[in-house]
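Engineer: Provide a 3D model corresponding to the input given below.
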Amino acid sequence: MKMQDVARAAHVGVGTVSRVLNNTGYVSEETRRKVEKAIEELHYTPNELARNLYHKKTQTIAVIVPEISNPFYAWVVDTMEKRLRWKGYRVLLCNTIDEQTNEALYLQMLQRNMVDGVLTMTHTLDNSLYASLKGPVVSIDTPQFSEEIPVVSADHAQGGCAAAELLLNSGCKHIFQFCDNIDEAFPYFARHDEFAKTVEAAGVSCGRYFAKWNQFSVQYFLSEANQFFDEHPEADGIFGTDMWAAACLRVAQERGLHVPEDLKIVSYDGTYLAKLSYPRLTVIQQPVEQIVETSVDLLVRRIEGEKFQNLRINVPIQVIRGATTL
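Structural biologist: Numbers count the residues shown, from 1 in each chain. Next up is the predicted model:
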């Protein structure tokens, strides 16, 4: 079935059918009804690719993440796909773990108008590649690549302070936090800085255990958790992402430690891992739904032509008390 068939059935020109389908130009109500009736009777389905080319839109958004198997990124992507679908967009998903070229490839797709916009949660490239982009980009929890690219994050400083207070109020005297061993200034570093500042202001020692960046395998977390307890048997308070918290909880129990009597744990993120652990983890939960909603809405506004300058949005965290603190 072609547009010409609709035009023939409605006794109008092909251009008139095109204006009705694309809602462009003037078409009288009587003519519009004739065209719509012919479309219905012929069961005509417009060629979406042709329509998108006509409007210079693909209705597709590239979503760039480090690793989809990680519970936090899986949660974000699932929420994002639903939000974008509600807005009329499809998702083109890119994993960048071990493949830095993937990130550059997807950014090229934006430059070549193969996607309408990019939502990125990773950064393995030179900042200048993002800064030189002319198409719509919104980043989540990354460095600010340029003045025109908005950054949306959880309020990590608030989260770090809340986590420290939970451990301090539980009576911890030898507190450690798990940190990424990288130099890049990501927004989430604020939670580490605020956590340490709050702990040390109370006169309590605060150690940092540095781990490799962008490592997501379960075996890696368990191996590092065992090494941590070998090096720091005195630890009585731990702060880390859900993966670190769950790994430390398991290893501590295997070593005969009782939680929360001997060891207190506060996790950060609030994925399903925190809900499945036993005892249930005390969590600083990132507001994923609000972060995604804000990021998607900003990207749609960018696609529609709105400009932003030095926009950084921090969304408040939530404390969910579990059984790993007192």
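
Engineer: When you work out contacts or count neighbours from here on, use the C-alpha atoms and nothing else.
Structural biologist: Will do.

Engineer: moving C-terminal of the host helix or strand of residue 158, what's the next helix or strand?
Structural biologist: Secondary structure assigned from DSSP states H and E places residue 158 in helix 156-169. Using DSSP H and E, the next helix or strand after helix 156-169 towards the C-terminus is strand 174-180.

Engineer: Put the alpha carbons of that next one into PDB.
Structural biologist: The C-alpha coordinates for strand 174-180 follow below in PDB (Å, rounded to 0.1, in the frame of the first residue of the first chain):
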ATOM      1  CA  HIS A 174      37.200   2.600  62.800                       C
ATOM      2  CA  ILE A 175      35.300   3.600  59.700                       C
ATOM      3  CA  PHE A 176      36.200   2.900  56.100                       C
ATOM      4  CA  GLN A 177      34.700   3.800  52.700                       C
ATOM      5  CA  PHE A 178      35.300   2.200  49.300                       C
ATOM      6  CA  CYS A 179      36.400   4.700  46.600                       C
ATOM      7  CA  ASP A 180      37.300   4.500  42.900                       C
END
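
Engineer: and residue 294, that's in a helix?
Structural biologist: Yes. Secondary structure of residue 294 (DSSP: H, G, I helix; E, B strand; the rest coil): part of a helix.

Engineer: can you offset everything so residue one is 237?
Structural biologist: That works, and once the first residue is 237, the last one we named lands at residue 530.

Engineer: For the helix or strand that contains residue 388, which strands pair with it and how are they oriented?
Structural biologist: In the assignment (DSSP H and E), residue 388 maps to strand 387-390. When pairs are called by DSSP bridges, strand 387-390 turns out to pair with strand 373-376 (parallel), strand 548-551 (parallel).

Engineer: Which residues outside it are in contact with it?
Structural biologist: The contact list for strand 387-390 (CA atoms under 8 Å, 6 or more residues apart in numbering) reads 374-380, 423-424, 522-523, 527, 530-531, 547-553.

Engineer: Need the buried ones from these selected in ChimeraX.
Structural biologist: Of those, the buried ones go into a single ChimeraX selection, burial set by 16 or more other CA atoms under 10 Å:
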select :374,375,376,377,378,379,380,423,424,522,523,527,530,531,548,549,550,551,552,553
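
Engineer: okay, now the nearest residue to residue 400 once chain neighbours are set aside: neighbour count?
Structural biologist: By the measure of CA to CA, 6 or more residues apart in numbering, the closest residue to residue 400 outside its immediate chain neighbours is residue 431, 5.3 Å from it. Around residue 431 sit 26 other residues, with neighbours defined as other CA atoms under 10 Å.

Engineer: just residue 443 next, same as before
Structural biologist: A total of 17 residues lie near residue 443 under the criterion other CA under 10 Å.

Engineer: can you give me the strands in the stretch 237-386 of the chain?
Structural biologist: Under the criterion DSSP state E, counting those that start in this stretch, the stretch 237-386 of the chain contains strands at 296-301, 326-331, 353-356, 373-376.

Engineer: how far off strand 410-416 does the helix or strand containing residue 479 point, in degrees?
Structural biologist: Remark: residue 479 resides in helix 478-490, with elements defined by DSSP H and E. Orientation note: helix 478-490 sits at an angle of 140 degrees relative to strand 410-416 (axes from the mean of the first three to the mean of the last three CA atoms, to 10 degrees).

Engineer: May I have helix 478-490 as PDB, with CA atoms only?
Structural biologist: Presented in PDB, the C-alpha positions along helix 478-490 are these (Å, rounded to 0.1, in the frame of the first residue of the first chain):
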ATOM      1  CA  ASP A 478      25.500  -1.800  47.100                       C
ATOM      2  CA  MET A 479      27.900  -4.100  45.400                       C
ATOM      3  CA  TRP A 480      30.600  -3.300  47.900                       C
ATOM      4  CA  ALA A 481      28.200  -3.500  50.800                       C
ATOM      5  CA  ALA A 482      26.800  -6.800  49.800                       C
ATOM      6  CA  ALA A 483      30.200  -8.300  49.200                       C
ATOM      7  CA  CYS A 484      31.500  -7.100  52.600                       C
ATOM      8  CA  LEU A 485      28.400  -8.300  54.300                       C
ATOM      9  CA  ARG A 486      28.800 -11.800  52.900                       C
ATOM     10  CA  VAL A 487      32.600 -12.000  53.600                       C
ATOM     11  CA  ALA A 488      32.100 -10.600  57.100                       C
ATOM     12  CA  GLN A 489      29.600 -13.300  57.900                       C
ATOM     13  CA  GLU A 490      31.800 -16.000  56.400                       C
END
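
Engineer: That one: what's the following helix or strand?
Structural biologist: As assigned by DSSP H and E, the chain's next helix or strand after helix 478-490 is strand 500-505.

Engineer: Tabulate the strands of the stretch 237-386 of the chain (a markdown table), appending distance to residue 494.
Structural biologist: Formatted as a markdown table, the strands of the stretch 237-386 of the chain follow (distance: least, CA to CA, whole Å):
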| stretch | distance to residue 494 |
| --- | --- |
| strand 296-301 | 36 |
| strand 326-331 | 38 |
| strand 353-356 | 40 |
| strand 373-376 | 37 |
